[in-house]
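Enquirer: kindly return the folded structure for what I paste below:
(chains A and B)
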Amino acid sequence: MISLRGRSAAFELEAPLTRAVWMLVDRDTLTPQRRGRAFLVKDDEKPADGFDLYFVTDPERAPTGKPWIALPPLLRYVSAGDVVSASETGEYLRVLWRHKNPANSVLLTERCDHYCLMCSQPPKEREDDWLLENARELIRLLPSSTPGIGFTGGEPTIYGDRLINLLRLCRNVLPEADVHVLSNGRRFAHFGFASAWANVGNPRMMVGIPIYGAEPTLHDYVVQAEGAFDETVRGIVNLGEVRARTEIRVVIHRQTAPALPEIAEFIARNLPFVEQVALMGLEMIGFARANMDEVWIDPVEYRAELAEAVSLLARRGVKTMIYNHQLCLIDRQLWPFAVRSISDWKNEYHPECARCSVVERCGGFFFSAKYRHSDHITAIQSDASTKRDVLQV
Amino acid sequence: MSRFRQLEDFRPQTAGWELLPFRFERLNGRVLVTNMVGEHVMLAAEQFEAFAEKRLPVDSPLVRRLRAKHLIRQPGDRSPSTLLALKARTRYRRLAESTGLHIFVVSLRCEHSCPYCQVSRQSGDTERYDMSPETAERGLGMAFRSPSSAIKIEFQGGEPLLNFGLIEEIVRRAERRNCDERRNLGFVIATNLALLTDEMLEFCARHDINISTSLDGPADLHNKNRPRPGRDSWELAVKGIRRVREALGVDRVSALMTTTKASLGRVREIVDCYLEQGLRGIFLRPLSPYGFAIKTKSYSAYDAERWLDFYREGLAYILDLNRRGVPMTEYLSAVILKKMLTNREPGYVDLTSPAGIGIGAIVYNYDGSVYASDEGRMLAEMGDETFRLGHLATDSYEEIMTSEALLAPLEESFAPSAPMCSDCAFEPFCGSDPVYHYATSGDFLGRKPESDFCRRNTAVFKHLLGLYESDPSARSTFLNWVGR
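Expert: Have a look, this model is predicted:
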């Protein structure tokens, strides 16, 4: 687990900061560019001139007469190419971008019209448009060769056209980036919004939308919003109509696990035009911890339903992936569908994993598994068939 | 205490269900219910009554299943009609892609003398029974008028290899045309393989031509069905299959069998024969009512029942092979299962509605006559020209495709509006076959209670649904077939 936010160890500014988002530059990456850049002072180096802000790891080495912020110990892992935001006062810091991370995810808002039982990012009902503004600044600072960027919430589509504008900026300045947006999909029920989305015209853009049932009651219960299923489904159909790339995400927990086969059947029959379906293990943070009794289920309990769901989808030509599952908890025939999907900053392994022969192919755990994980984590012993099955993965 | 509401809070508050279009069939005490696009649920009789009479209580566990299958909805639900419309559109999408299969009868001559074949001639008279290059060119002109993005040209006979020079000519001309047309162009030769030469194979390899052949089963059965001088039809077919596999690739040759009375009771041997030749699938075809069969009145309800036994035994054997890890597909079941389990319409000419005649496949006979189907051509050889749509030399594409000879049988046989079909629970899995019904009962629609087409297909649907619902291993194999 890596920290992504913290309070400055110390700081000294002449005036409040006029911008929030800063890309870090060091001696090795120094160019004449200064706008939006902050210089990262490493141990003995002499800081370069002309920057509006300096970050230091050691307050003792702060440059005199220049605005500086000292990183707290937990954030000292940052390096040149990373992007950090700082509050006006310089006190509060967030790491927005780690260039070594292949899958950076950018939070656009904490507001949401759903209130999911297992939400990992519980919604907050307060104005936070500055997150969107920061995201715009971040995109402007990133190199055009950036391979990918994800946007998450809250519900990013609450911004409407402003989200579309952000995605247009992405297409134009990050032409090589795979762009992934997580949404509850309801706004796409308005055909105009789905069209505007498609008109962004970025073939590398995909939207991930959750479905938690084959009919309204279960889905609406899981997301705690009446009418959600009907709108989300019509949203996905509209996305299909405008040929927008769509992923369906099914988070598996105590409520959805028994319904996996019927959800799979529903998707295969009604929404087979989507690009892929991700069946996802539960992350035990946020509301999932508050609702532990309602949502926690040991993955071994739904082995059969998971296998059935994968079979119903994959054999009808729907690309299917299993996220966030440890290989020892799923049928071996499902290994080829398992993806290492947990962001590195959240990823952990169990002591048992040290003895496992397929650990490097395994998704591992969310760090939050410390709150709850399966009682059945078992090292897989190497044998001829393990080698064969792992090769397929 | 909790900020979260319970599952019950999201149930509809009133039981004001609206029924969506459905059809049903009682099966051994249970009721099969299908929605308008062929998704199905099996209900107990009392569940069905409650559903149909809109007496289901709000908290019935059945409600969730019925809503998921778009059989009921709550007032205000908009996604069920959106999805039903989408699925129905998908099912009929192929209609915009007419006509995909163009059959060129390049020669009526054949060195075989199969008793069930009414079309071939034992003759050296090439003038009289071979297609001319002019006719072929006109046929190609007609084929490329089709709006279909994919065009498959199938060479038939008689024995088409007897006029291989014309096949080469047609393939070259079609490829030249396709430089501009940019269709997805494919070729297949339907041949008994007896006359196959290395030069022909070489040509097929260069032009990506597939081979479809006849294999009726073990040598004695095949040779009895398919007499030729030397009584070596089976040996030549088997050798030919091997040569094609090696020269073109294992998936470039498929075989069709004709089920005769002599085949009934020997289905395992027939399947084994296909396995031995390395073929990965077999089409357990019904007895054909055409030609010899009709003439000799050997086709009857009695035979239909015996064919069903043949089919069920064959399918059980094939499922058992799959269970033991030997992949083998039964194509008739695969076509039907695709219709049951997906929205795709496989467009199998004998089991689709509107019928596949003319708009799924069309036949250009050696003499330039155009027929709505291969069976229509056979009827014509027996003296009945009902399905003759026109002639390549005198009729335009528009005249042929809008001829009464095509439109009348298409319209009259359309299953969703046919008596007894329109309210049949199996209609989404079935099709209309105006040529069959015309041949057996004298009109395009037929009388369903007397129709063996109906009896046979209904029995097959019940059998497949029964296996899908009750046998997990069969279900798994079926899903594999559907995925292909």
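Enquirer: alpha carbons only for contacts and neighbour counts from here, please
Expert: Noted.
Enquirer: pretty sure A:F39 contacts A:L24?
Expert: Yes. Taking C-alpha atoms under 8 Å as the definition, A:F39 is a contact partner of A:L24 at 5.7 Å.
Enquirer: the two: which is more packed in?
Expert: A:F39 (26 against 23; other C-alpha atoms under 10 Å in any protein chain shown).
Enquirer: for that one, give me its contacts.
Expert: A:F39 sits next to A:L24, A:V25, A:D26, A:P47, A:A48, A:F51, A:L53, A:Y54, A:F55 when contact means C-alpha atoms under 8 Å, 6 or more residues apart in numbering or on different chains.
Enquirer: just the pLDDT at the last one, thanks.
Expert: Right, A:F55. At A:F55, the model reports a pLDDT of 95.
Enquirer: one step back: PyMOL command for the buried members of the contacts of A:F39?
Expert: Only the buried entries of these go into this PyMOL selection, using 16 or more other C-alpha atoms under 10 Å in any protein chain shown:
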select buried, chain A and resi 24+25+26+47+51+53+54+55
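Enquirer: what's the domain layout of chain B?
Expert: B:19-91, B:257-346+B:451-484 (automatic domain parsing).
Enquirer: make TSV out of those domains and add mean neighbour count.
Expert: Formatted as TSV, the domains of chain B follow (neighbours: other C-alpha atoms under 10 Å in any protein chain shown):
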stretch	mean neighbour count
domain B:19-91	17
domain B:257-346+B:451-484	18
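Enquirer: mean pLDDT lowest where, among those domains?
Expert: Ranked by mean pLDDT, those bottom out at domain B:257-346+B:451-484, with a mean of 89.
Enquirer: okay, how far is it across that one, tip to tip?
Expert: 21 Å (C-alpha to C-alpha, to the nearest Å).
Enquirer: does chain A sit close to that domain?
Expert: Yes. Domain B:257-346+B:451-484 comes into contact with chain A (C-alpha under 8 Å from any C-alpha of the partner chain), by way of B:L341, B:T342, B:N343, B:S476, B:L479, B:N480, B:V482, B:G483.
Enquirer: among those residues, which pair sits farthest apart?
Expert: B:N343 and B:S476 (18.8 Å; C-alpha to C-alpha).
Enquirer: closest to A:A369 out of the domains of chain B?
Expert: domain B:19-91 (32.6 Å).
Enquirer: okay, how far is it across the closest one, tip to tip?
Expert: Span of domain B:19-91 from end to end, C-alpha to C-alpha: 22 Å.
Enquirer: what's the answer for stretch B:390-398, then?
Expert: 11 Å.
Enquirer: next up, phi/psi of the closest residue to chain A within the stretch 201-350 of chain B, please.
Expert: Relative to chain A, the nearest point of the stretch 201-350 of chain B is B:T342 (5.9 Å; C-alpha to the nearest C-alpha). Main-chain dihedrals, B:T342, degrees, to the nearest 10: phi -140, psi 180.
Enquirer: nearest spatial neighbour of it, skipping sequence neighbours?
Expert: Once flanking residues are discounted, B:T342 sits nearest to A:R269: 5.9 Å by C-alpha to C-alpha, 6 or more residues apart in numbering or on different chains.
Enquirer: which parts of chain B sit against chain A?
Expert: B:4-7, B:9-12, B:64-65, B:67-69, B:77-79, B:82-83, B:87, B:341-343, B:476, B:479-480, B:482-483.
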